[in-house]
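**Student:** Take a look and give me a structure for this.
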Amino acid sequence: MKATNKLSILICLACLALLSACKKDLAKSTGTIYGGPPPKTWQEHWGGPHVYLLKRVYYDADDAIYYDANMDTSVTWPYKTMSKVWQYAKKTYGAFGDSSRLYVVLHGIVTPFDDALGGGHPASYFDASHDYRNAIDCGLGDWATPTGQIIGIPVHETGHIICGANNGVQGSPSDVLWGDSKFMEIYNYDVLMNIGMEDEAGRVFTQMQSQYDNFPRANSQWFKNWFYPIYSKYGHAAVLSKYFKLLAANFPKKQNSIGYEYTRNLNWGEFIHFWSGAAGVNLKAQATLAFGWSMEWEQEFKNAQEDFPAVKYPY
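**Tutor:** Down below sits the predicted model:
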């Protein structure tokens, strides 16, 4: 065999090996068909009433939809809508593990026994409970039209994955301050605005103008006086994403078997400090308007500026 022919063969083999490696890397980063289809069934094993054998009714590169036996299979809007939600989430906040798919479990509530399946819960690729999949599990008696809570609950649950598995770190150290739903209000608004559901986003905005909470003080309006001013003035989704990036890069964490996990929660001064870093401005005045201010917060804020100097903004 001529040397030139041998060289050609070697080059071809090298190219094939490189193509194979690229496909494997692509499968890890995008969850495309190279990684194979999701399973046709999924047996629930996460406790309580979650004992159903779920059936896969749809999948694409971005989501896999599973229904229990009580779901109306004529309901198909979640297929593409939840795919758009997850596409936007990944575009805005980055990757969540090796798989690009969001696993969406929907339950139909038809009997009093099913009531315990109502509402929703999330899991991320860190969680063995849901087989290390980015997943949401939601139950309602009516899934016909994606309006109000019918779209709000699934989007809300994806927000918990955003908070709790962002930038390779497990945990949400902000939850102790904003509770279950305060970040989700601005998150839902932003997602709906960016997946072609502006009318639903408008309903969220209107609702939030009269939404009050009793923390951190009575009559706090988280959306109106905190999140929306920051969101609208300092970059929309970019400022939300930067907050989580700053936490992942700077807040105390330790390595675990999959990535990292936060080792403690934020205090109020640290919370204001990291949001100030995300916005690029000192948000003490905005925090005072939204929540009030105290000598304790003042000291925590000063300590945070000293403890996390890489989080920068004009002091």
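
**Student:** low pLDDT regions in this structure?
**Tutor:** Where the chain drops to pLDDT under 70, the residues are 1-35, 99.

**Student:** And the helices in it, which stretches?
**Tutor:** Secondary structure of the chain, counting by DSSP state H: helices at 3-30, 77-93, 149-164, 175-178, 182-194, 198-208, 222, 228-233, 237-250, 268-279, 284-291, 295-307.

**Student:** With mean neighbour count and distance to residue 116 added, can I get those helices in CSV?
**Tutor:** Heads up, the C-betas are built off the backbone N, CA and C, glycines and all. Formatted as CSV, these follow (neighbours: other Cβ atoms under 10 Å; distance: least, Cβ to Cβ, whole Å):
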stretch, mean neighbour count, distance to residue 116
helix 3-30, 11, 36
helix 77-93, 20, 21
helix 149-164, 22, 15
helix 175-178, 17, 23
helix 182-194, 23, 22
helix 198-208, 16, 27
helix 222, 23, 29
helix 228-233, 17, 34
helix 237-250, 19, 32
helix 268-279, 24, 34
helix 284-291, 17, 35
helix 295-307, 15, 40
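
**Student:** Serialize these to JSON lines and add fields for distance to residue 136.
**Tutor:** Below are those laid out as JSON lines (distance: least, Cβ to Cβ, whole Å):
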{"stretch": "helix 3-30", "distance to residue 136": "20"}
{"stretch": "helix 77-93", "distance to residue 136": "8"}
{"stretch": "helix 149-164", "distance to residue 136": "4"}
{"stretch": "helix 175-178", "distance to residue 136": "17"}
{"stretch": "helix 182-194", "distance to residue 136": "12"}
{"stretch": "helix 198-208", "distance to residue 136": "18"}
{"stretch": "helix 222", "distance to residue 136": "22"}
{"stretch": "helix 228-233", "distance to residue 136": "23"}
{"stretch": "helix 237-250", "distance to residue 136": "18"}
{"stretch": "helix 268-279", "distance to residue 136": "25"}
{"stretch": "helix 284-291", "distance to residue 136": "29"}
{"stretch": "helix 295-307", "distance to residue 136": "33"}
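
**Student:** out of those helices, nearest to residue 65?
**Tutor:** Residue 65 lies closest to helix 77-93 among the helices of the chain, at 5.5 Å (Cβ to Cβ).

**Student:** What is the closest one packed up against?
**Tutor:** Counting contacts by 3 or more Cβ pairs under 8 Å, 6 or more residues apart in numbering; DSSP states H and E, helix 77-93 packs against strand 53-59, strand 63-67, strand 102-108, helix 149-164, helix 182-194, helix 237-250.

**Student:** Can you list the neighbours in contact with the fifth one?
**Tutor:** The contact list for helix 182-194 (Cβ atoms under 8 Å, 6 or more residues apart in numbering) reads 85, 88-89, 92, 151-152, 155-156, 158-160, 162-163, 174, 198, 200-201, 204-205, 208, 211, 213, 222-223, 227-228, 231, 236-237, 240.

**Student:** ok, back up a step: out of the helices and strands packed on helix 77-93, flag the one nearest residue 130.
**Tutor:** Counting by Cβ to Cβ, residue 130 lies closest to strand 102-108 out of these; the figure is 7.4 Å.

**Student:** Paired strands for that closest one, with orientation please.
**Tutor:** Sheet partners assigned to strand 102-108 using DSSP bridges are listed as strand 63-67 (parallel), strand 135-140 (parallel).

**Student:** who touches it?
**Tutor:** Residues contacting strand 102-108 (Cβ under 8 Å, 6+ apart): 38, 42, 44, 52, 54, 62-68, 70-72, 75, 78, 82, 85-86, 89, 114, 117, 130, 133-141, 143, 154, 158, 161.

**Student:** which among these end up buried?
**Tutor:** Buried members of the contacts of strand 102-108, counted by 16 or more other Cβ atoms under 10 Å: 38, 42, 44, 52, 54, 62-68, 70-71, 75, 78, 82, 85-86, 89, 114, 117, 130, 133-140, 143, 154, 158, 161.

**Student:** so what's residue 91 up against?
**Tutor:** With Cβ under 8 Å, 6+ apart, residue 91 has no contacts at all.

**Student:** can you check residue 304 too?
**Tutor:** 267, 269-270, 272-274, 311.

**Student:** quick one: which of these is nearest to residue 286?
**Tutor:** Nearest to residue 286 out of those is residue 272 (Cβ to Cβ; 8.6 Å).

**Student:** Residue 284 is in contact with the closest one, correct?
**Tutor:** Yes: Residue 272 lies in contact with residue 284 (Cβ atoms under 8 Å); the separation is 6.3 Å.

**Student:** Mind listing the shared neighbours of those two?
**Tutor:** Shared contacts of residue 272 and residue 284, defined by Cβ under 8 Å, 6+ apart, are found at residue 301.

**Student:** Could you dump the contacts of residue 304 into CSV with distance to residue 253 added?
**Tutor:** Putting these into CSV (distance: Cβ to Cβ, whole Å) gives the following:
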residue, distance to residue 253
267, 16
269, 19
270, 14
272, 20
273, 17
274, 14
311, 15
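
**Student:** of these, closest to residue 300?
**Tutor:** Set against residue 300, the nearest of those by Cβ to Cβ is residue 269 (2.5 Å).
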